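Chemist: here's my sequence, what's the structure:
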Amino acid sequence: MSREIPADSPSLVVSYDIDDALTPGIMVEVDAELAEELGAFEETALSEAAAAEANQDLAELTRGG
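Modeler: I've put the predicted structure just below:
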């Protein structure tokens, strides 16, 4: 089944050159290795201990303290 793209739709431009990443309207495809180097897979989640500490004030409020 083919799908027609309306004539007034912006065309998608795909590049494999990282230098195009800051150019509006261009999507840059990179391999997993380069994406990791660029920080795409950097873990930013809180640790379980940090999350518990961040919620300590809520626990005190529910206990009436």
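Chemist: how near is Gly25 to Ala35?
Modeler: Taken as C-beta to C-beta, to the nearest Å, the spacing of Gly25 relative to Ala35 amounts to 20 Å. Just so you know, the C-beta spots here come from the backbone N, C-alpha and C atoms, and that holds for glycine as well.
Chemist: who has more neighbours out of these two?
Modeler: Comparing Gly25 with Ala35 by neighbour count (other C-beta atoms under 10 Å), the higher total belongs to Ala35, at 12 against 9.
Chemist: find the nearest non-adjacent residue to that one, please.
Modeler: Counting by C-beta to C-beta, 6 or more residues apart in numbering, Ala35 lies nearest to Phe41, which is 6.6 Å off, once chain neighbours are set aside.
Chemist: confidence score at that neighbour?
Modeler: If you check Phe41, the pLDDT there is 78.
Chemist: ditto for Ala21
Modeler: Looking at Ala21, its pLDDT is 89.
Chemist: which residue is nearest the centroid of this protein?
Modeler: What sits nearest the mean C-alpha location of the chain, by C-alpha atoms, centre = their mean, is Ala40, with 7.2 Å.
Chemist: quick check, that one in a strand?
Modeler: No. Applying DSSP: H, G, I helix; E, B strand; the rest coil, one finds Ala40 to be coil, outside a strand.
Chemist: now do the phi/psi pair for it.
Modeler: Its backbone dihedrals place Ala40 at phi -60, psi -30, with angles given as degrees, to the nearest 10.
Chemist: quick one: distance of stretch 24-37 to the chain centre.
Modeler: 12 Å (C-alpha atoms, centre = their mean, to the nearest Å).
Chemist: what residues does that stretch touch?
Modeler: By C-beta atoms under 8 Å, 6 or more residues apart in numbering, the surrounding residues in contact with stretch 24-37 are 10, 12-18, 20-21, 38, 41.
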